[in-house]
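>>> Just a sequence and a predicted model for now, questions to come.
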Amino acid sequence: MNEGSHIDSDRLARYLSGEADAVERDAVERWAAQGPENNQELERMRAVWDLGGSGTPVPDVDLDAAWSRLSDRIAQAEGNGRVVPLRRSNALRWLAAAAVFTGLFFGVRYLFNTETLELMATTEHIRTTLADSSSVILSPGSRLSARMKNDRHIALSGEAYFEVKRDTARPFVVETEDVTVTVLGTGFEVSAYDTSKSVLVRVRHGRVRVVADGDSVVLVAGGFARYNRTAHILERLAAPPVEVWGDRIIQFEHAPMAEVAEQLQRIFQVRVVLGNTAIANCQLTASFEDEPIDYILRVIADTYGLRLTEQAPGHYVLDGDGC
Amino acid sequence: MEFAPIASGDRTAFEQLFRTHYGPLCAFAVQYVKDGDQAEDLVQDLFFRLWQDRERTSVTTSLKAYLFTAVRNRCLNAVKSQGRVRSLNEEVDDRMEDDERGEDEHTARIARVQAAIAALPAERRKVFRLSRYEGLKYLEIAERLGISVKTVENQMGKALKTLREELADLLPVLAWLVWLLDGRG
């Protein structure tokens, strides 16, 4: 009989199950009494034994039947088209339907039937909320068609920024002619202009999967991917220092002031002049959401101890010592 | 097992995952929801969603840990919505009436043990259950299953050893619990 620090589990099993006779029981108890380590070991085994007999009785499972049941359910779900790979014809069919409604209105146009929402933006950005509470900002010169019943399916031509409400039961899928973006819940932008040779996808927060031509890439916050339509290449790029989401969400990440000024001029259609080259080299990390231009410039001025003056309406000057 | 193949759509890997963990997950779930059919439904839902969402799912822990965490969450939601506040052991309930978390921990412990038992190889599991649940002597088990008493003894020893290793992280607490139960009882 092994009197060392280990007693074999066969012996302990006999003891705990009541199989051991008096002699064996006595031997185990003496072994346990030899020291705290042995005693602990016995108590551990006893605890496992006790718990092993507790609780709700576990019914036998028929594994084959269970697998059949799951297989059937998956097959049914896939047969209904809930898992939809990229098909060009689908996207184009929806966009063709949207195109039927051209020529009647300026600016904004939408049709809302029971299942599909169609949007077209001509000269202005359009903001809207979808049936699942996700929001979209559609850029000028873009068209979008949204079907929100079983899954959440968007067909897009042009550019749109999405803030997607998380819904684990329904994937949010944006299809453009070549690229599909699948998301769970996130903020991201897809740029797929017919006239452009690239499709761009940028992620502000969350996580998306971009699929194009059999290639796929997963982007997380700050991620940026480009699909080259002519070369058929999908690649991951570094995010630029200035990112604009929709029309008024602006993010600067170590962005040189020269570039900041350029972007602000473009977005707000104003003039922003930097007093000297020292200021032009300052780097800004900040983000602004739906703020007017003078607010943004004041924040920048405060950040670097600069002087902001509006020399004429829409003509701003930032002056000072740099940073 | 890595999740990557499943995320890429490898159905065979998915089936293997299912067959490995289905039984233990059901044994685990039934401790919370008390009903075998409901337990199976929950586990079926879990695997169904795992397959449907495979491309968007990120598994940073082990797959096994992920599955058990997920099924536990589903069970807790199911129990909550059914408004059930039962416990497995009245003695435990008395002491832990004010401590809801404590009650859940006890259920959680039992669930883990039952999952570990369900994960034992077939013969070993049968031997353990016949001894532990039906209180059969080794000779009776040997006769029932058509094996030798020595084999029964081996299987019992291995079962106990596996369970103890599985539950190593729980055991200081378990030992305390046993001591407490002994003291009370």
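Yep, it's here.

>>> Do a quick rundown of the strands in chain B.
Assigned by DSSP state E, the strands in chain B number zero.

>>> What about residue 145, how many residues nearby?
Here I'm looking at chain A. With neighbours defined by other C-beta atoms under 10 Å in any protein chain shown, the count for residue A:145 comes to 23. Placement of C-beta: from N, CA and C, glycine included.

>>> that's the wrong chain, I wanted chain B
Neighbour tally, residue B:145, other C-beta under 10 Å: 15.

>>> Domain ranges for the chain, per the record?
By default, I'm working from chain A. Here the domain parsing of chain A from automatic domain parsing is A:9-52, A:91-239, A:244-319.

>>> try chain B instead
In terms of domains, chain B is parsed into B:4-82, B:120-184 (source: automatic domain parsing).

>>> any chance of those domains in CSV, plus distance to residue A:157?
Shown next, in CSV, are the domains of chain B (distance: least, C-beta to C-beta, whole Å):
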stretch, distance to residue A:157
domain B:4-82, 24
domain B:120-184, 55
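
>>> which one of the ones you listed has the lowest average pLDDT?
Per-stretch mean pLDDT for the domains of chain B is lowest at domain B:120-184 (a mean of 83).

>>> Please name the bridge partners of residue A:308.
residue A:318 (DSSP bridges).

>>> if I pick it, what's in contact with it?
For residue A:308, the contacting residues are A:297, A:298, A:300, A:301, A:316, A:317, A:318, by C-beta atoms under 8 Å, 6 or more residues apart in numbering or on different chains.

>>> again, only using 7 Å
Residue A:308 is in contact with A:297, A:298, A:301, A:316, A:318, counting by C-beta atoms under 7 Å, 6 or more residues apart in numbering or on different chains.

>>> from memory the last one sits against residue A:306, does it?
So that's residue A:318. Yes: applying C-beta atoms under 7 Å, one finds residue A:318 in contact with residue A:306, separated by 4.9 Å.

>>> shared neighbours, the two?
In contact with both residue A:318 and residue A:306: residue A:279, using C-beta under 7 Å, 6+ apart.

>>> re earlier: how about the domains of chain A, which one is nearest residue B:138?
Proximity to residue B:138, assessed across the domains of chain A by C-beta to C-beta, is greatest for domain A:9-52 (5.3 Å).

>>> Going through the contacts of residue A:308, which ones are buried?
Among the contacts of residue A:308, those classed as buried by 16 or more other C-beta atoms under 10 Å in any protein chain shown are A:297, A:301, A:316, A:318.

>>> So which of the residues you listed sits lowest on pLDDT?
Within the buried ones among the contacts of residue A:308, lowest confidence goes to residue A:301 (86).

>>> Quickly find the element holding it.
helix A:293-304 (DSSP states H and E).

>>> Report the buried residues of that helix.
For helix A:293-304, by 16+ other C-beta under 10 Å, it's A:293, A:296, A:297, A:300, A:301, A:304.

>>> picking that back up, need the domains of chain B in JSON lines (columns: distance to chain A).
Formatted as JSON lines, the domains of chain B follow (distance: least, C-beta to the nearest C-beta, whole Å):
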{"stretch": "domain B:4-82", "distance to chain A": "4"}
{"stretch": "domain B:120-184", "distance to chain A": "3"}
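
>>> Give me the contact list for the helix holding residue A:301.
By C-beta under 7 Å, 6+ apart, helix A:293-304 touches A:264, A:268, A:270, A:282, A:284, A:286, A:288, A:307-308, A:316, A:318, A:320, A:323.

>>> make it 10 Å
Residues from elsewhere that reach helix A:293-304 (C-beta atoms under 10 Å, 6 or more residues apart in numbering or on different chains): A:248, A:250, A:252, A:257, A:260-261, A:264-265, A:267-270, A:272, A:278-279, A:282-286, A:288, A:291-292, A:306-310, A:314, A:316-323.

>>> rank the domains of chain A by pLDDT, which is bottom?
Among these, domain A:91-239 carries the lowest mean pLDDT (a mean of 75).

>>> Tell me if it is near chain B.
Yes: Domain A:91-239 reaches chain B (C-beta under 10 Å from any C-beta of the partner chain) through A:168-169, A:171-172, A:182-185, A:207-209, A:211, A:216, A:218, A:220.

>>> In strands only, show me the residues you listed.
Filtering the residues of domain A:91-239 next to chain B for strands - DSSP E - leaves A:172, A:182, A:183, A:207, A:208, A:209, A:211, A:216, A:218, A:220.

>>> Pick the one among those closest to chain B.
The shortest approach to chain B among those belongs to residue A:209, at 5.8 Å (C-beta to the nearest C-beta).

>>> The closest one against residue A:234, yeah?
No: counting by C-beta atoms under 10 Å, residue A:209 sits too far from residue A:234 to count as a contact (11.4 Å).

>>> and the two? which has more neighbours close in?
residue A:234 (21 against 18).

>>> in the host helix or strand of the more buried one, what counts as buried?
Using DSSP H and E, residue A:234 falls within strand A:233-237. Residues of strand A:233-237 classed as buried: residue A:234 (neighbour count, 16+ other C-beta under 10 Å).

>>> Contacts for that strand, please.
A:178-179, A:198-202, A:210-219, A:223-228.

>>> Give the buried subset of the residues you listed as a ChimeraX selection command.
Only the buried entries of those go into this ChimeraX selection, using 16+ other C-beta under 10 Å:
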select /A:178,179,199,200,201,202,210,211,212,217,218,219,223,224,225,226,227
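
>>> Buried ones among the contacts of helix A:293-304?
Counted by 16+ other C-beta under 10 Å, those give A:248, A:250, A:252, A:257, A:260-261, A:264-265, A:268, A:270, A:272, A:279, A:282, A:284, A:288, A:306, A:308, A:316-318, A:320, A:322 as buried.

>>> so what's the nearest residue to residue A:133 once chain neighbours are set aside up against?
The spatial neighbour of residue A:133 that comes closest, neighbours along the chain excluded (C-beta to C-beta, 6 or more residues apart in numbering or on different chains), is residue A:165 at 4.6 Å. Listed by C-beta under 10 Å, 6+ apart, the contact partners of residue A:165 are A:129, A:130, A:132, A:133, A:134, A:135, A:152, A:172, A:185, A:186.
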